[in-house]
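Trainee: here you go, sequence then predicted model.
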Amino acid sequence: MANIIMPKLGLTMEEGSVVEWKVTVGDQVNAGDILCIIETDKITNEIEAKEAGIVKEILVAEGDTVPVQTVIAIIE
């Protein structure tokens with residue numbers, strides 16, 4: 001099981017927003033697949049799966065802003 005966290009994309013980044021999920025609960029993903037798009041006050045970045053699995057839960061909805069290191073999804 002892998003926790004997908006809000007990454008720290010810059011030295012001063014304290015929070016980020018999920019702009020769009022590219023997966024839904026139950027989807028099979030492979031390492032390198034795009035999971036979601038994250039936006040900060042400075043950049044927009046695609047977040048990739050680090051390992052293969054099935055999306056078990058999405059914890060942060062599109063449009064929500066959360067602190068860095070918050071678990072945003074779980075892959076099993």
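Mentor: Great, that's in hand.
Trainee: how far out from the middle of the chain is stretch 14-21?
Mentor: 8 Å (Cα atoms, centre = their mean, to the nearest Å).
Trainee: what mean pLDDT does it get?
Mentor: Stretch 14-21 carries an average pLDDT of 97.
Trainee: in it, what counts as buried?
Mentor: Residues of stretch 14-21 classed as buried: 16, 17, 18, 21 (neighbour count, 16 or more other Cβ atoms under 10 Å). All C-beta spots, glycine's among them, are computed from the backbone N, C-alpha and C.
Trainee: also stretch 61-70?
Mentor: For stretch 61-70, a neighbour-count test (16+ other Cβ under 10 Å) marks 66, 70 as buried.
Trainee: which ones among the buried residues of stretch 14-21 are found in strands?
Mentor: 16, 17, 18, 21 (DSSP state E).
Trainee: the first one contacts residue 65, correct?
Mentor: Yes: here residue 16 lies in contact with residue 65, judged by Cβ atoms under 8 Å, at a distance of 6.9 Å.
Trainee: kindly reformat the ones in strands among the buried residues of stretch 14-21 as CSV containing distance to residue 29.
Mentor: Output for those, formatted as CSV (distance: Cβ to Cβ, whole Å):
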residue, distance to residue 29
16, 20
17, 21
18, 16
21, 12
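Trainee: which of those residues lies closest to residue 2?
Mentor: residue 21 (16.1 Å; Cβ to Cβ).
Trainee: apart from its neighbours in sequence, what residue is nearest the closest one?
Mentor: Nearest residue to residue 21 in three dimensions, chain neighbours excluded: residue 36, at 4.9 Å (Cβ to Cβ, 6 or more residues apart in numbering).
Trainee: in this structure, which spans are strands?
Mentor: 2-5, 15-21, 28-29, 34-39, 44-48, 53-58, 65-67, 71-75.
Trainee: kind regards, and thank you for your time.
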